[in-house]
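Q: Below is the structure, and that's it, no one-letter string:
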């Protein structure tokens, strides 16, 4: 089976459940604590492209930090501005994100990642 990377927040129950689901399979798993090692805007853009979503779709809009920054889902910001906001505020990133090869999934619910594990 392919190598697998999970962008993980150990304090998040869905992230822990997704990691456990991955550990039950024959995978070489790399765990990235994205709050400690934030992703670049370019990496986040790659995830958005693979998921076929806009950066706002990768954002936790109900996160307190979203409000603290004065953000709104209807803000007219460029794609690059949203990506940079995510890069600068990793707590806003939807979690967990799992990458297998070129395939990407958001583990909400954790079973979503099963789709990218199939050849």
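A: Looks like it came in fine. Here the structure is a predicted model, which is why all the values come from computation and not from measurement.
Q: so what's residue 24 up against?
A: Contacts for residue 24 (Cβ atoms under 8 Å, 6 or more residues apart in numbering) come out as none. C-beta here means a position set from N, CA and C on the backbone, and glycine is covered the same way.
Q: For it, report the pLDDT, please.
A: At residue 24, the model reports a pLDDT of 93.
Q: Is residue 75 in a helix, a strand, or coil?
A: Taking DSSP: H, G, I helix; E, B strand; the rest coil as the rule, one finds residue 75 in the coil state.
Q: okay, now it: neighbour count?
A: As a burial measure, residue 75 scores 11 neighbours (other Cβ atoms under 10 Å).
Q: Residue 117 too?
A: 18.
Q: Same question for residue 61.
A: 13.
Q: what are the phi and psi angles of it?
A: When quoted as degrees, to the nearest 10, the phi and psi of residue 61 stand at phi -70, psi -10.
Q: Please tell me how far the spatially closest residue to it that is not a sequence neighbour sits from residue 3.
A: Computed as Cβ to Cβ, 6 or more residues apart in numbering, the closest residue to residue 61 that is not its neighbour in sequence is residue 73, at 5.6 Å. Distance from residue 73 to residue 3, counting by Cβ to Cβ, to the nearest Å: 35 Å.
Q: Residue 86 too?
A: 24 Å.
Q: returning to what we had before: tell me how many other residues surround the residue nearest to residue 61.
A: 8.
Q: Residue 56 too?
A: Neighbours around residue 56, by other Cβ under 10 Å: 17.
Q: Kindly report the same for residue 22.
A: 23.
Q: ok, residue 86 and residue 3, which is more surrounded?
A: Between residue 86 and residue 3, counting by other Cβ under 10 Å, residue 86 is the more crowded of the two (27 against 11).
Q: Following the chain past the helix or strand that one falls within, name the next helix or strand.
A: According to DSSP states H and E, residue 86 maps onto helix 79-88. As assigned by DSSP H and E, the chain's next helix or strand after helix 79-88 is strand 97-100.
Q: Contacts for that following strand next, please.
A: 2-7, 18, 22, 34, 47, 50, 58, 104-107, 113, 116-117.
Q: Buried ones in that strand, by neighbour count?
A: Buried residues in strand 97-100, counting neighbours by 16 or more other Cβ atoms under 10 Å, are found at 97, 98, 99, 100.
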